[in-house]
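Novice: give the three-dimensional model of this entry:
(4 chains)
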There are 4 protein chains.
Amino acid sequence: MASTEQFEDHCWKDIMPAADVKLYSCYARRTYVGPRPALLAIDLYNLVYRGGPQSPYELDPVHPNSCGYFAHRAIEPTKRLLASARRAGIPIFYCTQETRPNNRPQAAVSTRRQGMALPSENDDYGIYHEFTPQPTDIVIRKQRASVFNGTPIFSHLTTLGVNSLIVCGESTSGCVRASSVDAYSAGFHVSLVEECTFDRSELIHKVNLFDLHHKYVDVMHVDEVVAHLDDLASARPDAMSARVAAE
Amino acid sequence: MASTEQFEDHCWKDIMPAADVKLYSCYARRTYVGPRPALLAIDLYNLVYRGGPQSPYELDPVHPNSCGYFAHRAIEPTKRLLASARRAGIPIFYCTQETRPNNRPQAAVSTRRQGMALPSENDDYGIYHEFTPQPTDIVIRKQRASVFNGTPIFSHLTTLGVNSLIVCGESTSGCVRASSVDAYSAGFHVSLVEECTFDRSELIHKVNLFDLHHKYVDVMHVDEVVAHLDDLASARPDAMSARVAAE
Amino acid sequence: MASTEQFEDHCWKDIMPAADVKLYSCYARRTYVGPRPALLAIDLYNLVYRGGPQSPYELDPVHPNSCGYFAHRAIEPTKRLLASARRAGIPIFYCTQETRPNNRPQAAVSTRRQGMALPSENDDYGIYHEFTPQPTDIVIRKQRASVFNGTPIFSHLTTLGVNSLIVCGESTSGCVRASSVDAYSAGFHVSLVEECTFDRSELIHKVNLFDLHHKYVDVMHVDEVVAHLDDLASARPDAMSARVAAE
Amino acid sequence: MASTEQFEDHCWKDIMPAADVKLYSCYARRTYVGPRPALLAIDLYNLVYRGGPQSPYELDPVHPNSCGYFAHRAIEPTKRLLASARRAGIPIFYCTQETRPNNRPQAAVSTRRQGMALPSENDDYGIYHEFTPQPTDIVIRKQRASVFNGTPIFSHLTTLGVNSLIVCGESTSGCVRASSVDAYSAGFHVSLVEECTFDRSELIHKVNLFDLHHKYVDVMHVDEVVAHLDDLASARPDAMSARVAAE
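Specialist: Below you'll find the predicted structure:
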């Protein structure tokens, strides 16, 4: 939770011109995690960690999908976020590319990137080992940028009584943006966790985060979101009975 | 293609009261296969053929999902339909249940049938051996009755320039009906092939076919549809050069 | 709320063969109104009440859309249902046809009925005077059978935190069926109120109600649903303070 | 139509760092207008032209939604584009806000802008007088950023056999971006006309246009698109008979 005064306390401060920030002041508001949340971890697959914590500009010739340094510096905060979501007992969704045979026509792909083969069943699109899904988690397989496009996630969220999303992952300008806009437009309150969200280019990451924060979602710091989830964890019936038993 | 006068020449003749047929005469029209068609074969999975060509009433205690006799008598016409679609070179879609681990929450199922486990990775939901998909076919995995619900098929059809559907499979009152209504409401012309469509109960099959034919789709006989597809096959550029070469 | 033993205590008893009822016994279950409900009143527009409480067979030549007697006998139970929903303070949605100029291409219509002009801005598609919407109700304008097809209702339900629907209106085999299947498949628990739901043909009404009840929704009696809504009304904070003040 | 070499010949040249352009070179390709196109003119309503061709920074205190100079300089190219689309006889769609009473709950709005009343039936959301829709055009009323969210446009496009979109309007970072991503992900080829697309901030306009061009759409110059539409106009049967008659 952050106050209206803290609305611009985010990573885009060093690149957004003051005149644009002023033009967008009509969007300033308090930010928060909404009621009945689920966690959505977008595209944390092996391909974006390839080559290690280097600059994506340097990795590009060999690992053209890697977010390099930006992916790797998000690993620790993302582990904290996932752990706190598990303690709070909220539903956890992952998404990655659909790789099964016969799943789509050639042209049905996420972006117009050239020279890419259709995603196939190697480990490129497996979830990175630091974030392995648990048996009760749900893994959405998608073909387009947004996790809502051509997938059953909408009906899952309704089935589970979810009304808000906590979002992390990549890329800010691609799948995170498309999914976040769809989630907001579908009626969900969305909290996007700044330290757990990344892209290949800092400029594009920051301008998109600025856009999303003002128009559609609450960009929040991982400390704020983890604190909120820890409050939810404390309020769970089993947590309470555990405390009573301990007394 | 059938004329307005032939509009009621279908299997429901023996059960629909004359007064209801008259009430529905406002829907009578010429029927046809629409432009740029694709074939959609719904839920031709092993489970509905179990126990062989017996009455579903008799099979029910042991094979509660089997369409028995109704499934087996549709095998030959469905093979003819698939073969003519392949000769015509139109896109071919199958659908069946999603069975992958971590694919959904417990309550996200096709119907409210009691005592069913979630579909899992045995051969229950594999496509029946008489209709094995080819490498260029697309197999949609779904969790609900309609093939359009929570799947990417809509974007596939647009990507491929498809504007009409030829539909077959089961069950008439369940997945075929839900998919056909969605297809019509999404702007596609739909031709439903009578001899290749089935259910577990004749009464329910026929009343649903009557409903669908009048309100949403053209119920057509397999001979009409195969004849149309054979015309498309003859008009293919490669068919023409084959004929020229043979002359 | 009705027990599993009462699952077949509905209007279709006189037409469904015993063998089919037995075949569908796998769907028998307790029925109920789900958590956080909204009321959805489908297509209660003037056109279906035209000609008064006569047989639709007789009205057909002059009022081809009228449900006549079936529409009129549902008026009183539907008024009871709406009144109890208002007392309970749950969100209330209506739907009717979109009639604004420039709203669609010629062929984008609900069904393939022949010789109908596109819905226009006369009073045919106004809500019937017995059910006039209140300023806080939402009226969805649709072009197809299902209230979910091409409308924003899904995002409204999420925005309002709704997880269940209580459905009434017409026609059972058309817009009610399409909307109910979509609602179930979207993850909502659906309760369809038998006495407030109608069609032009009794056979088609009953077979569709049977289908819907078993596969997708809880067909319930108006007394059960009103009793549940009255319980919700009693539990409202303002109801409690009103009682306290009166003591 | 522009070659792969011309892929970066666009307005973002002065602000995108060379390293980022290089990182995105994997998206470079030939651009074009796709088969069976329709024109989609997004949010050309009165509110964004208010205050005349001034800087949005200056207009902001009095006309907080105006795109000022950017909106006004797009008027002439947009008139050219619309005129050529009419000559070519392709379907023309507009969209604007839904303003009818009872159309939505309070929180169902396009963006999280603060202090805005729900759109109402004054002339704020009427189409600007330079672009008045014709009787055969379709005007989509929407509640969210994307013209695809909660509207029937998808079924209209399928009904009309449309497979590609030519897009113009505003704002680049809001409704144009959300609609373009949805259109691409739905299987349509999208051509976004640079001179007819605008926003309130140049930086945000250019970064979003860069993003969209690489990942999802072909950003094209108005001269290219008008030339293509003029070719379509020349190929129309009536154009040919007009030429024959003139000879």
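Novice: how about the contacts made by the closest residue to residue A:39 other than its chain neighbours?
Specialist: Excluding its sequence neighbours, the residue lying closest to residue A:39 (C-beta to C-beta, 6 or more residues apart in numbering or on different chains) is residue A:85, at 4.2 Å. (C-beta placed from N, C-alpha, C; glycine too.) Residues in contact with residue A:85 (C-beta atoms under 8 Å, 6 or more residues apart in numbering or on different chains) are A:39, A:92, A:166, A:229.
Novice: compare those and tell me which is most surrounded.
Specialist: Within these, most neighbours by other C-beta atoms under 10 Å in any protein chain shown means residue A:166, with 28 neighbours.
Novice: so after whichever strand in chain A runs longest, what's the next helix or strand?
Specialist: Ranked by number of residues, the top strand in chain A under DSSP state E is strand A:189-198. Using DSSP states H and E, the helix or strand that follows strand A:189-198 towards the C-terminus is helix A:202-215.
Novice: how about that next one, does it reach chain C?
Specialist: No: using C-beta under 8 Å from any C-beta of the partner chain, helix A:202-215 stays clear of chain C, with a minimum separation of 15.7 Å.
Novice: need the phi and psi values for residue A:76.
Specialist: Torsion angles at residue A:76 (phi, psi; degrees, to the nearest 10) stand at phi -60, psi -50.
Novice: pLDDT score for it?
Specialist: For residue A:76, the model assigns a pLDDT of 98.
Novice: and residue A:103, by the same measure?
Specialist: So residue A:103 comes in at 95 (pLDDT).
Novice: off-centre distance for stretch A:9-28?
Specialist: 22 Å (C-alpha atoms, centre = their mean, to the nearest Å).
Novice: give me the contact list for it.
Specialist: The contact list for stretch A:9-28 (C-beta under 8 Å, 6+ apart) reads A:2, A:4, A:7-8, A:194, A:203, A:205-207, A:209-210, A:213-215, A:219, D:56-57, D:60, D:64, D:111-115, D:200-201, D:203-204.
Novice: kindly report the same for stretch A:115-129.
Specialist: Stretch A:115-129 has contacts (C-beta under 8 Å, 6+ apart) with A:44-49, A:94, A:96-101, A:104, A:106, A:109, A:133, A:139, D:26.
Novice: redo that, cut-off 10 Å
Specialist: Stretch A:115-129 has contacts (C-beta atoms under 10 Å, 6 or more residues apart in numbering or on different chains) with A:41, A:43-50, A:64-65, A:71, A:75, A:78, A:94-101, A:103-110, A:132-133, A:137, A:139, A:141, A:143, D:26-27, D:29.
Novice: could you report the neighbour count for residue A:126?
Specialist: Residue A:126, neighbours per other C-beta under 10 Å, totals 15.
Novice: now do residue A:10
Specialist: Neighbours of residue A:10 under the rule other C-beta under 10 Å: 17.
Novice: can you check residue A:73 too?
Specialist: When counting by other C-beta under 10 Å, one arrives at 13 neighbours for residue A:73.
Novice: what residues are up against it?
Specialist: A:53, A:67, A:195, A:198.
Novice: burial check on the last one, number of neighbours?
Specialist: Residue neighbour count, defined by other C-beta under 10 Å, stands at 25 for residue A:198.
Novice: got a list of what it touches?
Specialist: Contacts of residue A:198 by C-beta under 10 Å, 6+ apart are A:48, A:56, A:67-74, A:78, A:168-172, A:176, A:205.
Novice: near chain B, which residues of chain A? Just list them.
Specialist: Contacts of chain A with chain B, taken as C-beta under 10 Å from any C-beta of the partner chain, map to A:91, A:93-94, A:98, A:100-109, A:133-144, A:148-160.
Novice: okay, and the beta partners of the nearest residue to residue A:137 once chain neighbours are set aside?
Specialist: Closest residue in space to residue A:137, ignoring its immediate chain neighbours: residue A:92 at 4.5 Å, by C-beta to C-beta, 6+ apart. On the basis of DSSP bridges, residue A:92 is bridged to residue A:39.
Novice: and residue A:92, what's its pLDDT?
Specialist: Confidence for residue A:92, expressed as pLDDT, is 98.
Novice: who's in contact with it?
Specialist: Counting by C-beta under 10 Å, 6+ apart, residue A:92 makes contact with A:38-41, A:82, A:85-86, A:133-134, A:136-139, A:166.
Novice: which ones among these lie within helices?
Specialist: Judged by DSSP state H, those include A:82, A:85-86 as members of helices.
Novice: would you show me how to pick out the buried ones of the contacts of residue A:92 in PyMOL?
Specialist: Buried residues within these, by 16 or more other C-beta atoms under 10 Å in any protein chain shown, are selected in PyMOL with:
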select buried, chain A and resi 38+39+40+41+82+85+86+133+137+138+139+166
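Novice: turn the contacts of residue A:92 into CSV, columns for pLDDT.
Specialist: Output for the contacts of residue A:92, formatted as CSV (pLDDT from 0 to 100):
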residue, pLDDT
A:38, 98
A:39, 98
A:40, 98
A:41, 98
A:82, 98
A:85, 98
A:86, 98
A:133, 98
A:134, 97
A:136, 95
A:137, 98
A:138, 98
A:139, 98
A:166, 98
